[in-house]
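Engineer: Structure for this input, please:
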Amino acid sequence: MAKFVYSMQNVLEIKKKLETQAKLAFSQANNKYLQEQANLMELQLKKTEYDDLLKTELEGNIDVKKVTVARKNVNTMKTLIRYQSMEVVKAKKKLEEEREKLQQIMQERKTHELLREKAFEEFKKEIAREEAKEIDGLISFTYSGNNKGEG
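Structural biologist: Residues are numbered from 1 along each chain as shown. Presented below is the predicted three-dimensional model:
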């Protein structure tokens, strides 16, 4: 029995390895994005705490030093939040790039798998044609052999 050999099997294997690598890169980019978002949320919570502290310092007897420190803390948090927001945007952009790469690589792998399936179907059809020829040959041989003995 003939064995099916896909001529571009090594290309398909490379595509599968590239897809595995792209999935890993996407996963890492996703983790980075989620971490940056978590960092941003943490900074926003700290800013809220500093805002509350500033409000508290502005009530009743006002201590100028404490108010100055509280305002400085709020302004520092605003700066950190702006910076962290940019980090979130960068991480999201990287995530989208990795998603697009992964989609493209998956599409290429699927294309090669379809080509392999079509080649396998053609291989099965060729085997069926060869078997049909052999059967026709056997039938012809058997029929012509029986006729010679009778004549």
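
Engineer: For this structure, which segments count as helices?
Structural biologist: Ranges of helices in the chain, per DSSP state H, are 9-58, 64-150.

Engineer: Same list (those) but as a markdown table, adding distance to Ala2.
Structural biologist: C-beta: built from backbone N, CA, C; applies to glycine. Formatted as a markdown table, the helices of the chain follow (distance: least, Cβ to Cβ, whole Å):
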| stretch | distance to Ala2 |
| --- | --- |
| helix 9-58 | 16 |
| helix 64-150 | 6 |
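
Engineer: and these, which one is worst for confidence?
Structural biologist: For these, the stretch scoring lowest in mean pLDDT is helix 64-150; its value is a mean of 91.

Engineer: Got phi/psi on Lys3?
Structural biologist: Phi and psi for Lys3, reported as degrees, to the nearest 10, are phi -110, psi 140.

Engineer: Check the spacing between it and Glu96 real quick.
Structural biologist: Applying Cβ to Cβ, to the nearest Å, the value for Lys3 to Glu96 is 44 Å.

Engineer: can you check Lys15 too?
Structural biologist: Taking Cβ to Cβ, one finds Lys15 at 22 Å from Glu96.

Engineer: Show me which of those two is the more surrounded one.
Structural biologist: Lys15 (20 against 12; other Cβ atoms under 10 Å).

Engineer: Could you pull up the residues touching the nearest residue to that one once chain neighbours are set aside?
Structural biologist: Closest residue in space to Lys15, ignoring its immediate chain neighbours: Arg109 at 4.1 Å, by Cβ to Cβ, 6 or more residues apart in numbering. For Arg109, the contacting residues are 12, 15-16, 18-19, by Cβ atoms under 8 Å, 6 or more residues apart in numbering.
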